[in-house]
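[1] Below is the structure, and that's it, no one-letter string:
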Ligand code: AHM
Ligand code: MG
């Protein structure tokens, strides 16, 4: 008989985590609770996405004459509205915005910084494929004196993260978060309206046989990467090859699956995108923090993602993330070939 899962809401889990840190002020818990609320509202809206056309809401305004927002803009606004007035943040940044997202002047500024990708994989919305929200919370660097946060507070390397998480809107909605010490997943029970603990202490399996990459870009890859992918397709029972290829094209969904089944997800540099496609601050750092906390590894091919010193909010980086053995192997393939991508 399988062990019975602890019956626990995400709110209670957050509070219990806080109790283990006597110095905690409760601010982080409060921030997470606000994010949970935003996730529930976004989940509702995501589930209605296909109804927009049927109900005749397209064309810019709905029946009330209100402008209909694109879902990614809706998600961005919902998170902003849930987070702007709690008094715990000093600044935010989102993949939807060009620059810093400020806390309105009338609200208190606190000691934390929030960086988020409101709806990643948004090209999948119209075709009912899983999409996700990704978030990161840092402590501010500038003094916690009630002033607004600055770019310095935002541009921190990933190893300084306090909390990272994602919400996957899939066959069900799941909220996964870590403070660096254990990764926990909660599935939304739509009837009760609560996220309930469903994945306690997630660990990425060591013996994977899944690789996820947009193989349509093969022609543009470095030779070392081509050799690695070709190696994965060869037959060898002792190393579980050939691997299976699974690519959703939605980073949160691809990495969530690999966290559960094991596997490696890659978005490399190529001749068309010399820094890859994915954003360090919004996508790669938080996912790397989660995967490392689950026993995995994340690198840009040479160095740990979490140790990259960010230079700008929207900077991109190649990423190889997942099972430790697999990520180390792709690093080896790439370094042995001493491949530099030439444009
Ligand atoms: P987005 O931030 O515009 O939504 O793009 C990010 C998404 C990732 O979720 C996914 O891994 C990647 O783009 C897929 O890109 P591609 O279509 O080039 O394979
Ligand atoms: Mg994105």
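    Ah, there it is. Keep in mind that this is a model prediction, so the values were computed, not measured. Ligands and ions are numbered 1, 2, ... in the order given.
[2] Residue 129: what secondary structure?
    Of the three states, residue 129 takes coil under DSSP: H, G, I helix; E, B strand; the rest coil.
[3] got the contact list for it?
    121, 248-250, 253 (CB atoms under 8 Å, 6 or more residues apart in numbering). C-beta here means a position set from N, CA and C on the backbone, and glycine is covered the same way.
[4] among the residues you listed, which two are most distant?
    249 and 253 (8.5 Å; CB to CB).
[5] neighbour count winner among these two?
    Higher neighbour count among residue 249 and residue 253: residue 253, with 24 against 14, using other CB atoms under 10 Å.
[6] Is any residue of the one helix or strand that one maps to near ligand 1?
    Secondary structure assignment for residue 253, by DSSP states H and E: helix 251-261. Yes: Helix 251-261 reaches ligand 1 (CB under 6 Å from any ligand atom) through residue 251.
[7] least confident pick among the contacts of residue 129?
    In terms of pLDDT, residue 121 ranks lowest among the contacts of residue 129, with 92.
[8] Thought residue 132 was touching it, still the case?
    Yes: applying CB atoms under 8 Å as the test, residue 121 and residue 132 come out as touching, 6.4 Å apart.
[9] between the two, who's got more neighbours?
    residue 132 (29 against 23).
[10] element containing the more buried one?
    strand 131-139.
[11] Look up phi and psi at the residue in the stretch 1-150 of the chain positioned nearest to ligand 2.
    The nearest approach of the stretch 1-150 of the chain to ligand 2 comes at residue 120, 3.6 Å away (CB to the ion). When quoted as degrees, to the nearest 10, the phi and psi of residue 120 stand at phi -90, psi 150.
[12] burial count for it?
    Applying other CB under 10 Å, I find that residue 120 has 25 neighbouring residues.
[13] cool, and residue 284?
    27.
[14] interface residues of the protein facing ligand 2?
    Contact residues (CB under 5 Å from the ion) of the chain with ligand 2: 117, 120.
[15] so the lengthiest helix in the chain versus strand 131-139, what angle?
    If you go by DSSP state H, the chain has its longest helix at helix 27-47. Angle of helix 27-47 versus strand 131-139, following axes from the mean of the first three to the mean of the last three CA atoms, to 10 degrees, is 160 degrees.
[16] just for the stretch 201-343 of the chain, where's the confidence low?
    Applying pLDDT under 70 to the stretch 201-343 of the chain flags residues 337-343.
[17] now the most centrally placed residue in the chain: how far from residue 156?
    Centroid-nearest residue in the chain, with CA atoms, centre = their mean: residue 134, separated by 3.6 Å. Using CB to CB, to the nearest Å, we find residue 134 at a distance of 16 Å from residue 156.
[18] same deal with residue 189?
    35 Å.
[19] cool, residue 163 as well?
    13 Å.
[20] Who has more neighbours out of those two?
    Using other CB under 10 Å as the criterion, residue 163 and residue 156 rank with residue 163 on top: 23 against 20.
[21] For the residue in the stretch 201-343 of the chain that ligand 2 sits nearest to, which residues are in contact?
    Ranked by CB to the ion, the top residue of the stretch 201-343 of the chain for proximity to ligand 2 is residue 283, at 5.4 Å. Contacts for residue 283 (CB under 8 Å, 6+ apart) come out as 95, 117, 120, 134, 251.
[22] wait, which of those is closest to residue 47?
    residue 120 (17.2 Å).
[23] quick revisit: what sits against the residue lying closest to the residue of the stretch 1-150 of the chain closest to ligand 2 once chain neighbours are set aside?
    Counting by CB to CB, 6 or more residues apart in numbering, residue 132 is the residue found nearest to residue 120 once chain neighbours are left out, at 5.2 Å. If you count contacts by CB under 8 Å, 6+ apart, residue 132 has them with 119-121, 166-169, 250-253, 256.
[24] related to what we said a few turns ago, wait, the residue of the stretch 1-150 of the chain closest to ligand 2 touches residue 135, no?
    No: counting by CB under 8 Å, residue 120 stays clear of residue 135, with 10.7 Å between them.
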